[in-house]
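1. Build me a model:
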Amino acid sequence: MNQNPIYSPPARETVAVNAKPIPITAHQVEYLPSLTALRGIAALLVAVFHFEMAVARFVPASQTMFFEKSYLMVDLFFIMSGFIMMHVYSSQFKNRIQASSLKSFLVARFARVYPLHLFSLLLLVVIVRWLTNWGNPPIILEQPADILPNILLLHSFGFTNIYSWNIPSWSISAEWAAYLLFPLIALFINKKKTFAAVLLFFLVVLAYYAIMFLLPRVNPINPAIPVPHNLNTTFDYGYIRGIAGFTAGVLVYLLYELRAVKKAFASDMASLIIILGIIISMHFSLNDGLTVFLFAVLVLSFTANTGKIAAFCNRKFLQFLGNISYSVYLMQIFLQEPFSHGAYLPGTVGIGRGKQNIDFFPGLMYCIGYLILLILISYVTYQFIERPSRKFINRMWGNAK
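-> Next comes the predicted model:
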């Protein structure tokens, strides 16, 4: 899900510390700092989206739908993930899938996404069990029966009845499904590039269309409420959403390899036009398919950019945000958890998930404080959970030196 990776999602095989890449595999590839920065920004927007849903909404939908639509940042993570996987691993599956290459790939991916997922899940289970006695009364988002599907990364395949426990982690399940398919996708492309690109493009479009208009989606909280024609599927068909976005990122990389395309998207103006298009699409709540298409072009433009946007993305703070973005994504649940069990901010009006409202300026101040605290927590888990776990697993079972 992200270059390191989410994440992403956000997301691969080099980890930037103070914008200096440290290799964690035996091969080295060009580092893409613009995607690191983009991943960090997207992670913060997902955190704001969940703040408005779980804590207090301070930007009414009647004014802008931008934050309401920020769940789509997860699709940006998937696209970046597919792009980076092609960038890093495509050559390893050029002629055939060798056992050694497959093992190296899967160990590196497991080391990247699973340790923090398991840590955050088990920590959340302990908190809920011992501090709230399974919710006391239990809430539908934290059912003991849903723990095992979360541990096994099956919680985007319809094995649960609702998004559960560490809610954002459904995308890790979807990301893992995409990882398992990637060697076959890469081999297919390396063998029959044109045919594979056309077929995969058709399947991506079909998958997105099916999610929005064909699949029998049901509101998990109140089945009587119609589900809108959007891409906001998680626990039920999230794996389709993840694989579609990941594959879209793979196809974007094929465009990135074309010199003429790279040149066409190298200017700041190209990137700014795409950013403006995304803002307009989300502000007016245009079709999610359009926004995801613009995300795909955004990834292409950011990686091709050679101007001021590239220089801006290479700033230390943005690289830092990108490095800790996976922790930002998974650790946000702990700042939202009190509000799932009855806590309310002073000045909040309304009851229920997504129904709490607060005036703009106090809400903004609370949200800024929430993001600062989240960044601090994420730095700690990045330093003491993510990196050590990844290095240990790669040292024990991977090809890292």
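2. roughly how far apart are Ser104 and Pro33?
-> As for Ser104, its distance to Pro33 is 24 Å (criterion: C-beta to C-beta, to the nearest Å). For glycine as for every other residue, the C-beta is placed from the backbone atoms N, C-alpha and C.
3. State the pLDDT value of Ala56.
-> Here the pLDDT value assigned to Ala56 is 89.
4. hmm, I was thinking of Ile139
-> Here, the pLDDT recorded for Ile139 equals 75.
5. Give me the distance from the helix ranked longest in the chain to the chain's centre.
-> Criterion DSSP state H: the longest helix present in the chain is helix 99-132. With C-alpha atoms, centre = their mean, to the nearest Å as the basis, helix 99-132 stands 15 Å off its chain's centre.
6. Now the following helix or strand past that helix - C-alpha only, CSV.
-> As assigned by DSSP states H and E, the chain's next helix or strand after helix 99-132 is helix 147-151. Below are the C-alpha coordinates for helix 147-151, written out as CSV (Å, rounded to 0.1, in the frame of the first residue of the first chain):
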residue,chain,number,x,y,z
ILE,A,147,-10.1,-11.4,15.6
LEU,A,148,-9.0,-14.6,13.7
PRO,A,149,-10.0,-13.3,10.2
ASN,A,150,-8.0,-10.1,11.0
ILE,A,151,-4.9,-12.1,12.1
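7. returning to that earlier point: could you give the average pLDDT over the longest helix of the chain?
-> For helix 99-132, mean pLDDT is 92.
8. Against which helices or strands is it packed?
-> For helix 99-132, the packing partners by 3 or more C-beta pairs under 8 Å, 6 or more residues apart in numbering; DSSP states H and E come out as helix 147-151, helix 170-191, helix 325-331, helix 333-340, helix 360-381, helix 387-397.
9. Could I get the buried residue list for that helix?
-> Within helix 99-132, the residues scored as buried using 16 or more other C-beta atoms under 10 Å are 101, 104-121, 123-125, 128, 132.
10. for the helices and strands packed on helix 99-132, which one sits closest to His229?
-> In terms of C-beta to C-beta, the element of the helices and strands packed on helix 99-132 nearest to His229 is helix 170-191, at 19.9 Å.
11. tell me which strands and helices that closest one is in contact with?
-> Using 3+ C-beta pairs under 8 Å, 6+ apart: helix 170-191 touches helix 73-89, helix 99-132, helix 193-209, helix 238-256.
12. Indicate which one of the ones you listed is closest to Leu148.
-> Per C-beta to C-beta, nearest to Leu148 of those: helix 99-132, 10.7 Å.
13. tilt between the closest one and helix 170-191?
-> 170 degrees (axes from the mean of the first three to the mean of the last three C-alpha atoms, to 10 degrees).
14. what's near enough to touch the closest residue to Ala108 other than its chain neighbours?
-> Closest residue to Ala108 apart from its sequence neighbours, by C-beta to C-beta, 6 or more residues apart in numbering: Gly398 at 5.6 Å. By C-beta atoms under 8 Å, 6 or more residues apart in numbering, the contact list for Gly398 reads 25, 103-104, 107-108, 111.
15. Ile243 and Phe339: what is the separation?
-> Taken as C-beta to C-beta, the span from Ile243 to Phe339 is 32 Å.
16. returning to what we had before: just send the helices and strands packed on helix 170-191 back as JSON lines, with distance to Val48 too.
-> Listed next are the helices and strands packed on helix 170-191 as JSON lines, based on distance: least, C-beta to C-beta, whole Å:
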{"stretch": "helix 73-89", "distance to Val48": "10"}
{"stretch": "helix 99-132", "distance to Val48": "19"}
{"stretch": "helix 193-209", "distance to Val48": "24"}
{"stretch": "helix 238-256", "distance to Val48": "20"}
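17. which stretch among the ones you listed comes nearest Tyr382?
-> helix 99-132 (8.5 Å).
18. Check the gap between the nearest residue to Leu330 once chain neighbours are set aside and Leu187 for me.
-> Nearest residue to Leu330, sequence neighbours excluded (C-beta to C-beta, 6+ apart): Ser120, at 4.7 Å. According to C-beta to C-beta, Ser120 and Leu187 sit 33 Å apart.
19. Let me see the mean pLDDT of stretch 379-396.
-> In this model, stretch 379-396 has a mean pLDDT of 95.
20. Kindly report the same for stretch 223-240.
-> The pLDDT scores in stretch 223-240 average 93.
21. got a list of contacts for it?
-> Taking C-beta under 8 Å, 6+ apart as the rule, stretch 223-240 contacts 71-72, 75, 155-158, 160-164, 167, 170-171, 173-174, 177, 207-208, 210-213, 215, 217-220, 241, 287-289, 292.
22. 6 Å instead?
-> In this structure, residues lying in contact with stretch 223-240 by C-beta atoms under 6 Å, 6 or more residues apart in numbering are 71, 155-158, 160, 162-163, 170, 174, 177, 207, 211-213, 215, 217, 219, 241, 288.
23. helices and strands of this structure: which one bottoms out on pLDDT?
-> strand 14-17 (a mean of 36; mean pLDDT, DSSP states H and E).
24. Identify the residues contacting Gly307.
-> Gly307 makes contact with Asp268 under the criterion C-beta under 6 Å, 6+ apart.
25. if we can go back for a sec, do you know which of the helices and strands packed on helix 170-191 lies nearest Leu335?
-> It's helix 99-132; of these, that one is closest to Leu335 (C-beta to C-beta) at 12.0 Å.
26. The closest one to helix 387-397, inter-axis angle?
-> 140 degrees.
27. Next, the angle from helix 99-132 to helix 360-381.
-> 120 degrees.
28. could you give the angle of helix 99-132 to helix 333-340?
-> 30 degrees.
29. 209 is where my numbering starts, stick with that
-> Fine by me, first position is 209 from now on; the one you just mentioned is helix 307-340.
30. separation between Ala251 and Ala353?
-> Counting by C-beta to C-beta, the gap from Ala251 to Ala353 is 30 Å.
31. Of the two, which one has the most company?
-> With neighbours defined as other C-beta atoms under 10 Å, Ala251 and Ala353 compare such that Ala251 has more, 35 against 10.
32. Nearest residue to that one in space, ignoring adjacent ones along the chain?
-> Per C-beta to C-beta, 6+ apart, closest to Ala251 is Ser533, 3.9 Å.
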